[in-house]
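*Asks:* Next input, structure requested:
(one chain, ligands or ions: 1)
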Amino acid sequence: MDGKKVKLSLEHISQSYILNGKAFDAVQDVNFDVYDSEFLVILGPGYCGKTVLLNMISGLEEPVDGQIRLDGEVIHGSDSRIGMVFQKTSLLPWKTVMENVEVGPKMAGVPKEERRKTAQKYINLVGLQGFEKSYPNELSGGMKQRVGIARAYTNSPEILLMDEPFGALDAQTRYSMEEEIQKIWQSEKRTIIFVTNNIEEAVYLGDRIVLLSNRPAHVKAIYDIDLPRPRDTVSPDFLRIRKEISDNTDLAL
Ligand SMILES: Nc1ncnc2c1ncn2[C@@H]1O[C@H](COP(=O)(O)OP(=O)(O)OP(=O)(O)O)[C@@H](O)[C@H]1O
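*Replies:* Numbers count the residues shown, from 1 in each chain. Below you'll find the model as predicted:
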């Protein structure tokens, strides 16, 4: 990644909580850079602190220690340059697909015609044209995640955080969404930070993979995944990298 521009830096990030009167460490001294326009995957076992880490990047939580820099400047709290796609889509059930996707610019006061144009662009990009007037309960799980992705892009963030966005989908839908998100990222280059506990998904998607330990999460290793895209999940190189990472991954407690 020589010559790449650093977009986001995590510097000595730690998080702990008080549980039953005792300190409980969730994240411990995490350090890594994220490059501009890269697809960075954060991989770690269950409950290791991945969501806590993303919450700190998104500004939902303040770290007890350390700082986060965006384009070199320390940031605090939420920042409109950073958007989020959640594990469970948090769509508004009483709003249509179009209304859900345009909610951000609407709240920001963007005129209707302009925000509809942007929302339509991303509805088309995620393959939901024709479903603009549908309600969330009329959509499959994969389609709901597509709406969540379109909604996040419509806010024009420079960095998109994705917290296990395909974790709740069946295997077949998950594969097609992995393919899809890669295509979207290639046509609309943004920096993506994608959290998963699935090694195959990480190797399929990541330019780099930050491997976290069991809780309290710290960085065990960072892997450069130098395989051509779209990746062949049964090629010898893919399987070799997958095994190398798997051998280095802590078992979920
Ligand atoms: N606000 C909080 N107060 C106390 N404990 C918390 C809080 N938020 C998270 N935790 C604990 O921190 C640990 C890490 O949680 P986190 O949700 O980040 O795990 P994760 O790696 O995202 O797991 P999964 O893969 O299951 O999504 C868990 O044990 C969780 O219970």
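*Asks:* And the pLDDT at the residue in the stretch 151-253 of the chain that the ligand sits nearest to?
*Replies:* Nearest residue of the stretch 151-253 of the chain to the ligand (CB to the nearest ligand atom) works out as Asn197 at 4.7 Å. Bear in mind the C-beta positions are built from the backbone N, C-alpha and C, glycine included. Predicted confidence (pLDDT) for Asn197: 93.
*Asks:* Cross-check the contact I'm expecting between it and Pro45.
*Replies:* Yes: look at Asn197 against Pro45 with CB atoms under 8 Å: they come within range, at 6.2 Å.
*Asks:* and the residue of the stretch 151-253 of the chain closest to the ligand, how many neighbours?
*Replies:* 19 (other CB atoms under 10 Å).
*Asks:* Leaving out sequence neighbours, find the closest residue to it.
*Replies:* Gly46 (5.7 Å; CB to CB, 6 or more residues apart in numbering).
*Asks:* What is the burial count for the one you found?
*Replies:* Using other CB under 10 Å: Gly46 sits among 11 other residues.
*Asks:* just the one 5 residues further on next, same as before
*Replies:* The tally of other residues near Thr51 (other CB under 10 Å) stands at 17.
*Asks:* Could you do Phe39 as well?
*Replies:* Using other CB under 10 Å, Phe39 has 24 other residues around it.
*Asks:* who touches it in this structure?
*Replies:* 182, 185, 192, 194, 205-207 (CB atoms under 8 Å, 6 or more residues apart in numbering).
*Asks:* now swap in Met56 and tell me
*Replies:* Contacts for Met56 (CB under 8 Å, 6+ apart) come out as 13, 15, 27, 62-63, 68.
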